[in-house]
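Engineer: coords below, sequence missing:
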């Protein structure tokens, strides 16, 4: 199983609409990707490691797929639509990584 | 439910022993923290967002707790032991954040 994680940096003055992300964007991703998407979860950053420090990421979204190929085939055709939807919930430029779930 | 995520940056020349992390470090954390720990998972970074780009993080460990207080009470007394164990699997200085699991 692989996890595609999208990291939204916690930048001063930036916007992130968590309700839209959870209730519109992720459901849109589920609808478009269909059965290739094996799971989705959303973390909302609330604190950093040091006392009083803010979280590095205001939000992290995780999408699960059986394999990198399943991600590429399932997500690829919908990349433009999903990226275009981002303006509806954030002004932040996210980063992304693909991970293998080891445990 | 909250998630404590520990991010190990993917730095050139640095070491990260995934087998030790999964088979010794996380089990040590489970043993020390006990029932306050509601779950643990490990992601191994395999690719970044751009084609051919490396993952930003070589590994991300996630620990689940019922609340920030449960994390502080359950993890706090064992911080020194767990941080001291890090030299056994990595030369990287990790970052950390606490997130609320929104979905």
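Structural biologist: Everything's here; your move. Please read all numbers here as calculations on a predicted model, not as lab measurements.
Engineer: Could you look up the SS state of the closest residue to residue A:63 other than its chain neighbours?
Structural biologist: The shortest distance from residue A:63 to any non-neighbouring residue, by Cβ to Cβ, 6 or more residues apart in numbering or on different chains, is to residue A:4 (4.5 Å). In short, each C-beta sits where N, CA and C put it, glycine included. Taken by DSSP: H, G, I helix; E, B strand; the rest coil, the conformation at residue A:4 corresponds to strand.
Engineer: Neighbours of residue A:4, how many?
Structural biologist: Look at residue A:4: counted by other Cβ atoms under 10 Å in any protein chain shown, it has 20 neighbours.
Engineer: who touches it in this structure?
Structural biologist: Contacts here follow Cβ atoms under 8 Å, 6 or more residues apart in numbering or on different chains; on that basis residue A:4 touches A:62-65, A:71, A:75, A:96-99.
Engineer: Just send those residues back as TSV, with distance to residue A:16 too.
Structural biologist: Formatted as TSV, the contacts of residue A:4 follow (distance: Cβ to Cβ, whole Å):
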residue	distance to residue A:16
A:62	16
A:63	18
A:64	22
A:65	24
A:71	24
A:75	21
A:96	16
A:97	19
A:98	22
A:99	22
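Engineer: Which of the residues you listed fall in helices?
Structural biologist: Using DSSP state H, A:71, A:75 are the members of these that sit in helices.
Engineer: now, which of the contacts of residue A:4 sits nearest residue A:32?
Structural biologist: Set against residue A:32, the nearest of the contacts of residue A:4 by Cβ to Cβ is residue A:75 (8.4 Å).
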